[in-house]
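Participant: Based on what follows, work out the 3D shape:
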Amino acid sequence: MPAKKKKTSRGVSEKADKDILQKILKITEDIHNISDIDILLDKILFEVRKFTNAEAGTIFLVDGNILRISYTQNEVLFGKSISNRYKYLNHEIPINETSMAGFAAFNGEMLVVDDAYKISSKEKYSFNKDFDISSGYKTQSVLNMPLKTARSRVIGVMQIINAKNDMGKVVPFSEEDQLYISYFANDAAIAIEKAISTRQMVLRMLRMVEFRDPKETGGHVNRMGAYSVEIYHQWAKDRGFPPELIRRFKDKLRIASMLHDAGKIAIPDSILKKPAKLTPEEFGTMKMHTIFGYRLFESKDSEIDAMAAEIALAHHEKWDGTGYPGRVKDVMTLKKLDSESGKTDLEIPVTGRIVAVADVYDALVSKRIYKEPWDETRVIEYIKDNSEKHFDPEVVDAFLKVYDVIAAIRDKYTEDTEQEEQAPNPDSVKD
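Facilitator: Down below sits the predicted model:
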């Protein structure tokens with residue numbers, strides 16, 4: 001079945017066209033204020049699905065000659081762990097005419113399919129039923145929109161699935177839906193390109209730390225960002241926080257948590273790269289990375305920098321007060337940490353309490369030059385046993401509730417150098 005624009009009973013009046021443009025302007029303003037690529041993709045999919053009343057959607061980003069799944073939403077599967085896990089799949093498809101999304105990227109044009117199970121055998125593209133079979137979902141109407149930058153380069157494809165009418169029945173995407181998505185896609189692509197550049201800038205800066213400390217890999221910092229936002233989302237949802245507030249906080253947290261150990265750049269190599277246990281004096285020097293990290297990001301002008309400073313300072317504090325650096329008075333001038341006790345329970349900011357759990361978890365499940373990775377059962381027991389000791393018990397509860405998602409994140413952001421940087425290069429796109 002060829003791509004086409006359909007006439008519908010809704011039609012597109014001049015007034016409707018103006019209303020669409022007003023909605024696009026408002027949403028465009030919102031998305032251009034989002035810094036993190038993953039939070040941005042979540043917002044874009046949510047808004048497009050809301051307008052088209054669609055059940056599901058996926059955004060693929062171009063990575064060389066392939067499309068890689070970068071974000072997925074599915075309200076039918078929402079509430080089942082499978083839904084959030086699929087956000088972190090490493091699924092990829094070639095940019096050619098054999099699949100719907102690949103076809104849209106290859107030709108640079110919208111492809112609209114009324115029923116994925118009734119695609120004519122004469123078409124070059126077909127529908128892969130594997131996801132439907134494995135999840136129990138039923139894909140029907142599909143709109144595939146290439147995402148083009150101001151330079152007319154395709155950087156991805158937005159695939160929206162199963163538009164519904166007012167009665168909740170799945171229907172084809174209307175002419176109005178297609179017009180809205182056509183308008184919105186250009187602004188979405190520009191915002192995505194900017195967010196990709198932001199992610200790459202963060203990762204480049206963190207590579208400087210990686211050069212100094214082999215443990216601070218691209219895989220580790222990507223996992224830390226993803227772990228932290230998923231734990232926070234559950235923690236905030238349990239408290240009834242408004243969805244928009246949660247989204248805005250996650251936008252800052254994703255980037256800020258990736259920078260948690262940036263202060264290690266000021267620690268001597270003799271300590272960072274020592275393959276044995278540190279002496280008490282060396283460990284005292286290592287503790288100063290929390291202070292250096294705070295100094296690096298301390299800012300009154302940037303919310304992300306301010307949160308990064310907060311996390312750098314607090315992520316080694318412990319719920320029972322046995323962590324560090326504690327109640328430091330002169331953070332900007334301190335030369336050596338004293339042995340005074342650390343901050344306790346709610347005295348530690350929630351960002352630090354969340355990153356503490358994420359950081360310890362990742363350290364335990366990862367291989368180090370001085371240890372093999374722990375098995376999952378042992379790690380989970382350790383986290384539980386240290387609730388109310390090292391960790392905030394409510395953060396531990398949130399971590400355990402989303403553990404299936406945590407495991408999916410761990411499997412996605414591996415130490416494979418080809419997978420470390422999940423934000424594609426904006427120049428690695430299709431003309």
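
Participant: and the lengthiest helix in the chain, which residues are buried?
Facilitator: Using DSSP state H, we find that the single longest helix of the chain is helix 175-212. Using 16 or more other CB atoms under 10 Å as the test for burial, helix 175-212 gives 175-181, 183-196, 198-200, 202-203, 206-207, 209-210, 212. For glycine as for every other residue, the C-beta is placed from the backbone atoms N, C-alpha and C.

Participant: can you check stretch 66-80 too?
Facilitator: Buried residues in stretch 66-80 (16+ other CB under 10 Å): 66-74, 77.

Participant: With stretch 366-381 instead?
Facilitator: Across stretch 366-381, burial judged by 16+ other CB under 10 Å covers 366, 374, 379-380.

Participant: How far off centre is stretch 338-355?
Facilitator: Relative to the chain's own centre, stretch 338-355 is displaced by 26 Å; criterion: CA atoms, centre = their mean, to the nearest Å.

Participant: Tell me which residues are up against that stretch.
Facilitator: 224, 228, 231-232, 235, 253, 256-257, 260, 307, 310-311, 313-315, 317-327, 391-392, 395 (CB atoms under 8 Å, 6 or more residues apart in numbering).

Participant: Whichever of the residues you listed end up buried, select them in ChimeraX.
Facilitator: Buried residues within the contacts of stretch 338-355, by 16+ other CB under 10 Å, are selected in ChimeraX with:
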select :224,228,231,232,235,253,256,257,260,307,310,311,313,314,315,317,318,319,323,324,325,326,391,392,395
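
Participant: how about the helices of the stretch 151-300 of the chain, start to end?
Facilitator: Under the criterion DSSP state H, counting those that start in this stretch, helices of the stretch 151-300 of the chain are mapped to 175-212, 218-238, 243-258, 269-272, 280-287, 289-297.

Participant: Could you export the ones you listed to TSV, including columns for mean pLDDT and distance to Leu143?
Facilitator: Converted to TSV, these look like this (pLDDT from 0 to 100; distance: least, CB to CB, whole Å):
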stretch	mean pLDDT	distance to Leu143
helix 175-212	88	6
helix 218-238	94	27
helix 243-258	93	24
helix 269-272	90	50
helix 280-287	94	53
helix 289-297	96	41
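
Participant: Mind putting those into JSON lines with distance to Thr52?
Facilitator: JSON lines is the format used below for those (distance: least, CB to CB, whole Å):
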{"stretch": "helix 175-212", "distance to Thr52": "4"}
{"stretch": "helix 218-238", "distance to Thr52": "24"}
{"stretch": "helix 243-258", "distance to Thr52": "19"}
{"stretch": "helix 269-272", "distance to Thr52": "51"}
{"stretch": "helix 280-287", "distance to Thr52": "52"}
{"stretch": "helix 289-297", "distance to Thr52": "40"}
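
Participant: And these: which comes nearest Ser387?
Facilitator: Closest approach to Ser387 among those (CB to CB): helix 218-238, 13.5 Å.

Participant: any weak-confidence spans in this protein?
Facilitator: For the chain, the stretches with pLDDT under 70 are 1-17, 78-86, 214-217, 339, 369-370, 416-431.

Participant: how does it divide up, domain by domain?
Facilitator: As recorded under automatic domain parsing, the domains making up the chain are 14-194, 218-412.

Participant: What about the buried residues of stretch 66-80, which are in strands?
Facilitator: Secondary structure from DSSP state E places 66-74 of the buried residues of stretch 66-80 in strands.

Participant: between these, which is nearest Ile44?
Facilitator: Out of those, the member with the shortest distance to Ile44 (by CB to CB) is Tyr71, at 8.2 Å.

Participant: for that closest one, what are its contacts?
Facilitator: Here Tyr71 is in contact with 38, 41-42, 45, 58-59, 87 (CB under 8 Å, 6+ apart).

Participant: Which entries within those residues meet the buried criterion?
Facilitator: 38, 41-42, 45, 58-59, 87.

Participant: Just give me the closest of those to Ser120.
Facilitator: Thr58 (23.2 Å).

Participant: Give the full set of residues in contact with the closest one.
Facilitator: Counted by CB under 8 Å, 6+ apart, Thr58 has contacts 45, 69, 71-73, 101, 158-159, 161.

Participant: nearest to Ala54, of those?
Facilitator: Taking CB to CB as the measure, Ala54 lies nearest Ile161 of the contacts of Thr58, at 6.2 Å.

Participant: what's near enough to touch that closest one?
Facilitator: 54-58, 74, 139-143.

Participant: That one - nearest residue in space that isn't next to it in sequence?
Facilitator: Ala56 (4.2 Å; CB to CB, 6 or more residues apart in numbering).

Participant: Test my guess that that neighbour contacts Asn74.
Facilitator: Yes: here Ala56 reaches Asn74: they are 4.0 Å apart, a contact under CB atoms under 8 Å.

Participant: Between these two, which contacts overlap?
Facilitator: 137, 161.

Participant: Turn the contacts of Thr58 into JSON lines, including distance to Met288.
Facilitator: Output for these, formatted as JSON lines (distance: CB to CB, whole Å):
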{"residue": "Leu45", "distance to Met288": "42"}
{"residue": "Ile69", "distance to Met288": "41"}
{"residue": "Tyr71", "distance to Met288": "38"}
{"residue": "Thr72", "distance to Met288": "41"}
{"residue": "Gln73", "distance to Met288": "43"}
{"residue": "Ala101", "distance to Met288": "49"}
{"residue": "Met158", "distance to Met288": "46"}
{"residue": "Gln159", "distance to Met288": "48"}
{"residue": "Ile161", "distance to Met288": "51"}
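
Participant: Fine by me, thanks again.
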